[in-house]
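A.B. asks: predicted structure and sequence below. I'll ask about it afterward.
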There are 2 protein chains.
Amino acid sequence: MEEINNVEVVPCTQSDYLKPFRVHYNQNGTKKTWDFMRTHDSVSVLIFNTTSHCFVLVKQFRPAVYMCEWEKAKKQPNEKTEEGGAAEAAEAATAAESQEGESSSQGPPFSAGVTYELCAGLVDKPGLSLEEIARQEVLEECGYDVPASKLKRITSYRSGVGVTGSKQTMFYAEVSDDNCVSAGGGEPHEGEFIEVVKIPLHEAMLFAYNERIPKTMGVIFSFIWFHNNMAPKYKISTNV
Amino acid sequence: MEEINNVEVVPCTQSDYLKPFRVHYNQNGTKKTWDFMRTHDSVSVLIFNTTSHCFVLVKQFRPAVYMCEWEKAKKQPNEKTEEGGAAEAAEAATAAESQEGESSSQGPPFSAGVTYELCAGLVDKPGLSLEEIARQEVLEECGYDVPASKLKRITSYRSGVGVTGSKQTMFYAEVSDDNCVSAGGGEPHEGEFIEVVKIPLHEAMLFAYNERIPKTMGVIFSFIWFHNNMAPKYKISTNV
């Protein structure tokens, strides 16, 4: 049974990961200002195992997600945090100034911070193509060794348009059990603890729209993309 | 012709909008640390105008997106920034320390920072339901006055799982020209300059997958959701 405890939140004055900047600019002659953060672009990969007819996702504890639920639970100890009262809970999540150095030994269960996601990674390796970076993530996180040439580009889009505006590119990779060379799980020495999970194709659409299963939009979108574009090839109903 | 100039980037030591925090916690007995930002949950709305059979989107200049392209252009003045060399460009986007107070009168065109998005807003009004907040955004941004009860919940998901982990809830709203009470465009006194754009239903799928049109995943996903779940009702091909 996984658990989270000794949660302590402190202001972060200097971070190697979050670097706020301010841009001043003129828009049609009007002077404006916007705070933003620099970040890397990213890739994500919808992995379909043709041997078991399963999607391969990653499942991991996300501190930022957990902290959202932690704030909501703290503000509304007697209310359910998952549904209802979202407006008040969100307000609590940003009423931050009074909570410097606050510590709590109790909080939501570990599961409140766990999300299902596509295999994904940052574009932070100069000289590698997006496909090569995606290929490495498939190998490191999920344990499948597939050539970059087998990655099919699905599309790209902007994420976090208010804060980072980075570009995300999504790929599709068909793998088989023969391509499985390790258990995956990320890079433990980098602090990555990633669980590889398989979602059977016939359960995929129910999974996608089940709001009780915390997930990213990438999972939902890619499952539907597969349903529309790939499922006919496998002649299997995806229960839409 | 809209234009952006006098772009100046400075470090942001104190922001009303971006507030980095650090959380220390124990995960299964191992002490860990993560930097995150508190933010509000949000709502987004896919709007379909049944009179003109068009989707109603918003189009706006996003400084964070523009700065991504600005960084890439600065690092690679002789290369195309949109496609190719993404790894190097992304590295440039985070090589931030040397650029304090840097100013540039030249940069990418205004259009490099413009994105197409669903009508959306933050969940920052205590006491209002998600549907009521979504209803207000539809009115303010797009000019359609529809009752909250007409908003259909599509699904919810986590966004920015590495940094904010906030929850986004997506709705669907059918409107008609009769519901149009203003031109929309947001709140100019709050600095919002939002263009309301219509995408004809028969062009929607080509629009969704055209990577030359910068957009959020919410647009792509919701168009496909409509195609699968709503289009048959209108007996119109969406050209998939």
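C.D. replies: Everything's here; your move. Numbers count the residues shown, from 1 in each chain, chains lettered A, B, ... in the order given.

A.B. asks: all contacts plus neighbour counts: C-alpha atoms, from now on.
C.D. replies: Will do.

A.B. asks: mind listing what A:Lys59 touches?
C.D. replies: By CA atoms under 8 Å, 6 or more residues apart in numbering or on different chains, the contact set of A:Lys59 is A:Val114, A:Thr115, A:Tyr116, A:Glu117, A:Ile194, A:Glu195, A:Val196, A:Val197.

A.B. asks: number of nearby residues for the second one?
C.D. replies: Burial measure for A:Thr115: 22 neighbouring residues, criterion other CA atoms under 10 Å in any protein chain shown.

A.B. asks: how about it, secondary structure?
C.D. replies: At A:Thr115 the chain is in strand, as set by DSSP: H, G, I helix; E, B strand; the rest coil.

A.B. asks: now the one 5 residues further on
C.D. replies: For A:Ala120, the secondary-structure state derived from three-state DSSP is strand.

A.B. asks: surely it and A:Leu46 touch.
C.D. replies: No - A:Ala120 sits out of contact with A:Leu46 when judged by CA atoms under 8 Å, with a separation of 9.1 Å.

A.B. asks: highest neighbour count among the contacts of A:Lys59?
C.D. replies: Using other CA under 10 Å as the neighbour criterion, A:Glu117 leads the contacts of A:Lys59 with 25 neighbours.

A.B. asks: distance of it from chain B?
C.D. replies: A:Glu117 sits 9 Å away from chain B, taking CA to the nearest CA, to the nearest Å as the criterion.

A.B. asks: enumerate every residue touching that residue.
C.D. replies: Taking CA under 8 Å, 6+ apart, one finds A:Leu57, A:Val58, A:Lys59, A:Lys215, A:Thr216, A:Gly218, A:Val219 in contact with A:Glu117.

A.B. asks: pLDDT added to those, as JSON lines?
C.D. replies: Converted to JSON lines, the contacts of A:Glu117 look like this (pLDDT from 0 to 100):
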{"residue": "A:Leu57", "pLDDT": "98"}
{"residue": "A:Val58", "pLDDT": "97"}
{"residue": "A:Lys59", "pLDDT": "96"}
{"residue": "A:Lys215", "pLDDT": "98"}
{"residue": "A:Thr216", "pLDDT": "98"}
{"residue": "A:Gly218", "pLDDT": "98"}
{"residue": "A:Val219", "pLDDT": "98"}
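
A.B. asks: check the offset of stretch A:12-30 from the chain's centre.
C.D. replies: Between the mean C-alpha location of stretch A:12-30 and the chain-wide mean there is a distance of 24 Å, by CA atoms, centre = their mean, to the nearest Å.

A.B. asks: list the buried ones in that stretch?
C.D. replies: Of the residues in stretch A:12-30, those buried by neighbour count under the rule 16 or more other CA atoms under 10 Å in any protein chain shown are A:Cys12, A:Leu18, A:Lys19, A:Pro20, A:Phe21, A:Arg22, A:Val23, A:His24, A:Tyr25, A:Asn26, A:Gln27.

A.B. asks: which parts of stretch A:172-184 are buried?
C.D. replies: Along stretch A:172-184, these residues count as buried under the neighbour rule (16+ other CA under 10 Å): A:Tyr172, A:Ala173, A:Glu174, A:Val175, A:Ser176, A:Cys180, A:Gly184.

A.B. asks: how about stretch A:227-235?
C.D. replies: Within stretch A:227-235, the residues scored as buried using 16+ other CA under 10 Å are A:His227, A:Ala231.

A.B. asks: over to A:Gly218: give its phi and psi.
C.D. replies: A:Gly218 has phi and psi values of phi -60, psi -40 when expressed as degrees, to the nearest 10.

A.B. asks: distance of it from A:Asp178?
C.D. replies: Between A:Gly218 and A:Asp178 the distance, using CA to CA, to the nearest Å, works out to 26 Å.

A.B. asks: cool, and A:Asn229?
C.D. replies: 24 Å.

A.B. asks: repeat for A:Pro232
C.D. replies: Here the criterion is CA to CA. By it, A:Pro232 lies 23 Å from A:Asp178.

A.B. asks: nearest to chain B, of the contacts of A:Lys59?
C.D. replies: Ranking the contacts of A:Lys59 by separation from chain B, with CA to the nearest CA as the measure, puts A:Thr115 on top at 8.0 Å.
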